[in-house]
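Visitor: Below is the sequence, then the predicted model.
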Amino acid sequence: MTRVGIVAVGQSKFGELWEHSLRDLAVDAGNAVFKDLDTQTKGNITKKNIEGLFVGNMGAGSMAKQSHLGSLVSDYVGITGVPAVRCEGACSSGALAFRHAFHTIKSGEMDVAMVLGIEKMTDIDSNHVLNALMEAGDFEWESLAGLTFTGLYALMARRHMKEFGTTRNQLSLISVNNHKNGVKNPYAQFRGEITIEDVEKSTLIADPLRTLDCSPITDGAASVIIASEEFIKKNKLDNVAWILSSSAATDRIGFFNRRSIVELDATKLAVKRVIEKDRVNMKNIGVTEVHDCFSINELVALEDLGFCEKGKGGKFIEQGEIKLDGQIPTNTTGGLKSIGHPVGATGVRQLIDITKQIRGDSLNQLKNVNQGLALNIGGIGTTSVIHVLGKD
Amino acid sequence: MLSVPVFWRMNKEKYKMIGKKCLDCGLVIFPNRKNCPSCDSQKLEEFGLSGKGKIYSDTIIRVAPDGFEAPYITALIKLEEGPMIVGEITGVDIEDVEKNPQGLVDKEVSITFRKIMLNENGLRVYGLKFLLE
Ligand SMILES: [Zn+2]
């Protein structure tokens, strides 16, 4: 079967963009990815080559009163006529849309496909956003019990602290690192550095998690164009990030039904498939994007992916291993915390930032990166999606 | 807006704590399912739970979704028959709980029935909450 590579990337600004509608965000990401396509292919490949569109979106029905995004986005970005579909898996919708596009090209059905992740979150009141996000959890037994997503991750944090001695300070270091990495990011919602004191003085949202442990409510869209190896070779495209692995796994919908609440089985299952099925050597991963919707989730993700031992995530972070010069530079452009978290767009945005590290045009470019891994999580490890990209 | 049957059909579980027990593998199932999540059997019988359990993890919700009024304590409760469930802990002073970094972990609780939320159409939704023993 053909190999598949990312040939162009582009995104809208991320933030509280009151002047932008859902469709405006799609157009901004579309125009950006088409501009990059033009640059990367010296004008040889255009939107006319696109044979299919995969939209990642969690909640436009609840948050923007709009469904049928396959058609809406294809219309507004100017590729009407192509087959298009919306993929939904809560906050992992973006990576799932990418994964379906990848499979379609692998099957030989298409040579070039577009993926666009999008979320418009500020058109409704923020307490209604909380309700909409909880649609990713168990409605009957979590939402109706008054639980929020911050609440779910707070339950995880408290238990992780109890079982492994994880500290407030260690969680704070995660947010501090993400903000530091996001300072130069022109697309980021927040571009200011923060201190440990800032995190620890910020308002409690769900004990022990505070405002600065949480990614914000964000509007934004992100897009990539992927193509088959035959197409890439025929058109002599270089500077491609190849998809070395695509892996996804699910867990039971209710957090109360899990084997463990301090490790996420879906992530562990997905990474096992990356290693065993796609033969990725985790030692070759030089950069990672992990889903820091809440500080504790970044810590648990680093453990579940095997970058450090279970329970040692706090120490690993304390030792600076996630910094740009650490053992595994993590969220090098700011993560969900600084860039923002338009839920359906995040998985695609992570792949854009790994692609740039592979191509060599990241705003915080690392040296000698050959492979990078992105982990996009839906719910609370309810769906985990991993992609590994590489230079060859 | 949710209609009355949504809440009505959960009566047995949410008002009486009636779950299921798998006749093939013996697993106690709560909340209810039609198939056993352990052995996939469809041979399940009704099984009443005691409503007693222990707090596994808890948090104080300070920013509430629509229909709820913060602050309140929400916990994962490990019921004595085995299943875990989410529930609000009522009848405790939040100012006392927030001082303890461990929250209410390992405290024993038992069930009570209270108003949970006010639905959009003014429907008062009742359900289970927990009291410290
Ligand atoms: Zn069974």
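Guide: Received the coordinates, thanks. Every value quoted in this text rests on a predicted model; they were computed, and no experiment measured them. Residues are numbered from 1 along each chain as shown, chains lettered A, B, ... in the order given.
Visitor: need the helices for chain A, in chain order.
Guide: Taking DSSP state H to define them, one finds helices in chain A at A:22-40, A:60-63, A:69-77, A:93-106, A:126-133, A:149-164, A:168-182, A:196-201, A:229-234, A:265-276, A:295-304, A:313-318, A:335-339, A:343-359.
Visitor: Can I get the first one in CSV? Just the C-alpha atoms.
Guide: Looking back up the chat, that one is helix A:22-40. Taking C-alpha atoms only, helix A:22-40 is exported to CSV below (Å, rounded to 0.1, in the frame of the first residue of the first chain):
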residue,chain,number,x,y,z
LEU,A,22,-17.6,29.4,12.0
ARG,A,23,-17.3,29.8,8.2
ASP,A,24,-14.8,32.7,8.4
LEU,A,25,-12.5,30.4,10.5
ALA,A,26,-12.8,27.7,7.8
VAL,A,27,-11.9,30.1,5.1
ASP,A,28,-8.9,31.5,7.0
ALA,A,29,-7.5,28.0,7.5
GLY,A,30,-8.3,27.0,3.9
ASN,A,31,-6.6,30.1,2.4
ALA,A,32,-3.6,29.5,4.6
VAL,A,33,-3.2,25.9,3.6
PHE,A,34,-3.7,26.7,-0.1
LYS,A,35,-1.0,29.4,0.2
ASP,A,36,1.4,26.9,1.7
LEU,A,37,0.5,24.4,-1.0
ASP,A,38,1.4,27.0,-3.6
THR,A,39,4.7,27.7,-1.9
GLN,A,40,5.7,24.1,-1.3
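Visitor: before we move on, the earlier item: please identify the deepest-packed of the helices of chain A.
Guide: Mean neighbour count, computed with mean count of other CB atoms under 10 Å in any protein chain shown, is highest for helix A:335-339 among the helices of chain A, reaching a mean of 31. Where you see a C-beta, it was placed from the backbone N, CA and C, and this is true even at glycine.
Visitor: can you give me the offset of that one from its chain's centre?
Guide: 10 Å (CA atoms, centre = their mean, to the nearest Å).
Visitor: Now that helix - C-alpha only, PDB.
Guide: Extracted in PDB, the C-alpha atoms of helix A:335-339 (Å, rounded to 0.1, in the frame of the first residue of the first chain):
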ATOM      1  CA  GLY A 335       0.400  23.500  23.500                       C
ATOM      2  CA  LEU A 336      -3.300  23.800  24.100                       C
ATOM      3  CA  LYS A 337      -2.600  25.900  27.100                       C
ATOM      4  CA  SER A 338      -1.000  28.800  25.300                       C
ATOM      5  CA  ILE A 339      -2.200  28.400  21.700                       C
END
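Visitor: Which elements pack onto that helix?
Guide: Where contact means 3 or more CB pairs under 8 Å, 6 or more residues apart in numbering or on different chains; DSSP states H and E, helix A:335-339 is packed against helix A:168-182.
Visitor: avg pLDDT for the helix it packs on?
Guide: Taken as a whole, helix A:168-182 has an average pLDDT of 98.
Visitor: what's the angle between that helix and helix A:343-359?
Guide: Relative orientation of helix A:168-182 and helix A:343-359, computed by axes from the mean of the first three to the mean of the last three CA atoms, to 10 degrees: 70 degrees.
Visitor: Quickly, which of the helices of chain A bottoms out on average pLDDT?
Guide: helix A:126-133 (a mean of 91).
Visitor: re earlier: turn the helices of chain A into CSV, including distance to residue B:65.
Guide: Below are the helices of chain A laid out as CSV (distance: least, CB to CB, whole Å):
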stretch, distance to residue B:65
helix A:22-40, 22
helix A:60-63, 12
helix A:69-77, 24
helix A:93-106, 21
helix A:126-133, 4
helix A:149-164, 9
helix A:168-182, 24
helix A:196-201, 24
helix A:229-234, 46
helix A:265-276, 24
helix A:295-304, 20
helix A:313-318, 29
helix A:335-339, 20
helix A:343-359, 16
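Visitor: Which one of these lies nearest to residue B:100?
Guide: With CB to CB as the criterion, residue B:100 lies closest to helix A:149-164 of these, at 10.6 Å.
Visitor: now the closest one, how far from the chain's geometric center?
Guide: For helix A:149-164, the distance to the chain centre is 21 Å (CA atoms, centre = their mean).
Visitor: Check stretch A:340-347 too.
Guide: 6 Å.
Visitor: residue contacts, the residue in chain B sticking out farthest from the centre?
Guide: Farthest-out residue of chain B from its mean C-alpha position, per CA atoms, centre = their mean: residue B:24, at 25.7 Å. Counting by CB atoms under 8 Å, 6 or more residues apart in numbering or on different chains, residue B:24 makes contact with B:36, B:39, B:41, B:43.
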